[in-house]
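1. Provide a 3D model corresponding to the input given below.
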Amino acid sequence: MKPMPHSEPALGVHEIDLSATEFWRRPWSEREAAFRLLRRELPIGHYDEPVLEFSTLEFPKSSGYFALTRHADVAQVSRHPEIFISGPGAVSMIDFPPEIVEYFSGMISTDNPKHARLRRIVSNAFNPRNIRGVEESIERVAGALIDQAREHGTGDFVTDIAAPFPLEIICSMMGVPESEFATVLKCSNIILSSGDSEFIPKGTDPVIAFIESGATLTGIMEELGKFRVDQPIDDITSALVNAEIESEKLTQQELASFFVLLVTAGNETTRTALAHALHAFGEFPEQKQRLVLDFEGLAKTATDEIVRWATPVIWMRRTLACDYTLSGFDFKTDDKVIMFYNSANRDEDAFVDPYVFDVARTPNDHFGFGAPGPHFCLGAHLARREITVMWRELLRRTPTIHPTGPPAQLASSFVNGIKSLPYSF
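-> Below you'll find the predicted structure:
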């Protein structure tokens, strides 16, 4: 993804429809040019909600949403959760029924006091001792995957490295048996596919497939959670089901929702960032060489630049709890706003040369893990560590790794995914 910052956008500002599937099938360069135009001419614009043409299910229509494309506006919204609330459905442009929201977002779509309670319990389970154990396994899994991939010398980077790496870390961390890894991967692909035909069989209703996949993941974790109550071991699931903060514990449904969140959003962040990094190193080979020569000195800034560049989660929703004026625009109670993190991470007012991939970029106030506030990604530390370790090992063991063809772009407005990326050592 190397859009030309001064090229003319393919669409006029009023031809851009952020709810249209066709828009998200456009090449990255055209999408970036469109958001650049919106930041300049229509930084807060109204759009009708997406039409689920591919689904037989009917959902209540709403009045649409407002798209926020500037870094400053996204930051302001994130800092005021009492005004811009998450509860109605932070990961949906459409007002899905509450049970669907509960399946796929859990803690993301809650507000205080419930959100604070959930975060306290979960944060307690992610204590330094538990995380140290996870970090030790990161290096082991990274090394094993690289060794296995090197035997072939070439392949699909997503299949060989980017997808199995975070999945195995998260499943092992939660104590999910290896026999379930393939099921977890399949379900997470379906949930995050946005109906992409590569993951949803022809003739299948994607929304039903999403629900069924969520139910499958929920079932895995509910069964495991019940088992760990009586037979705890040294894993995060045991810590979660037995964690008690001020006499409060996670319910089975809350545990299951958290697991679905982990294996979708948590897994996808690292997977997408790793794949975009290889693509970026092909587009900016001098940046890869800088890392090869001084990885330890550039590790921190490079990892953050990879996340900014990839912006794995494209947007998040908030709903107005009261009337509010933002950047001169008057919002009304119950208005929906969509914070486009991808646009904020290319905002010329927030970043110097935002269309340049720079492994030494500083400062780098990116929103690749969400913007500052109570909903900032709980797994940011783990994701950063995974990205750092995998690229340290790849560049140390196989410094000549490079893409051998273009990436296959996921047709999704929510995940900036790469479905496949051919590579060679």
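2. out of the helices and strands in the chain, which is least certain?
-> helix 98-104 (a mean of 65; mean pLDDT, DSSP states H and E).
3. show me what the helix or strand following it is in contact with.
-> Using DSSP states H and E, the helix or strand that directly follows helix 98-104 along the chain is helix 114-125. Here helix 114-125 makes contact (CB atoms under 8 Å, 6 or more residues apart in numbering) with 86, 106-107, 110, 236, 239-240, 243-245, 248-250, 254, 258, 374-375, 378. (Each C-beta comes from the backbone N, C-alpha and C, glycine too.)
4. and for the helix ranked longest in the chain, what's in contact with it?
-> Using DSSP state H, we find that the single longest helix of the chain is helix 206-230. For helix 206-230, the surrounding residues in contact (CB under 8 Å, 6+ apart) are 52, 54-55, 57, 100, 103-104, 174-176, 180, 183-184, 186-188, 190-191, 193-195, 200, 235, 237-238, 240-242, 252-253, 255-257, 259-260, 263.
5. in it, which residues are buried?
-> 206-207, 209-211, 213-214, 216-218, 220-221, 224-225, 228 (16 or more other CB atoms under 10 Å).
6. what about stretch 65-77, distance to the chain center?
-> When C-alpha coordinates are averaged (CA atoms, centre = their mean, to the nearest Å), stretch 65-77 and its chain have centres 18 Å apart.
7. would you mark the buried spots in it?
-> Here stretch 65-77 shows 65, 66, 67, 68, 69, 70, 71, 73, 74, 75, 76, 77 as buried, counting by 16+ other CB under 10 Å.
8. try stretch 114-121
-> For stretch 114-121, by 16+ other CB under 10 Å, it's 115, 117, 118, 119, 121.
9. can you redo these as JSON lines with distance to residue 412?
-> Output for these, formatted as JSON lines (distance: CB to CB, whole Å):
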{"residue": "115", "distance to residue 412": "26"}
{"residue": "117", "distance to residue 412": "31"}
{"residue": "118", "distance to residue 412": "27"}
{"residue": "119", "distance to residue 412": "27"}
{"residue": "121", "distance to residue 412": "31"}
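10. coming back round to it: buried members of the contacts of helix 206-230 into PyMOL, please.
-> Only the buried entries of the contacts of helix 206-230 go into this PyMOL selection, using 16+ other CB under 10 Å:
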select buried, resi 52+100+103+104+174+175+176+184+187+188+190+191+193+194+195+200+235+237+238+240+241+255+256+257+259+260+263
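11. closest one of the buried residues of stretch 65-77 to residue 22?
-> Nearest to residue 22 among those is residue 67, at 16.6 Å by CB to CB.
12. show me what the closest one bridges to in the sheet.
-> Residue 67 forms beta bridges with residue 45, residue 338, as assigned by DSSP bridges.
13. oh, and call the first residue 5 from now on, that's how I've got it
-> Right, with 5 as the first residue, what we last looked at is residue 71.
14. thought it was touching residue 39?
-> No - using CB atoms under 8 Å, residue 71 is not in contact with residue 39, being 9.3 Å away.
15. would you write a ChimeraX line that selects the buried entries of the contacts of helix 118-129?
-> To isolate the buried ones among the contacts of helix 118-129 in ChimeraX, judged by 16+ other CB under 10 Å, type:
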select :90,110,111,114,240,243,244,247,249,254,258,262,379,382
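16. okay, and which of the contacts of helix 118-129 map to helices?
-> 240, 243, 244, 258, 262.
17. name the nearest of those residues relative to residue 401.
-> The closest of the ones in helices among the contacts of helix 118-129, once distances to residue 401 are taken by CB to CB, is residue 240, at 28.9 Å.
18. could you find the closest non-adjacent residue to that closest one?
-> residue 177 (5.0 Å; CB to CB, 6 or more residues apart in numbering).
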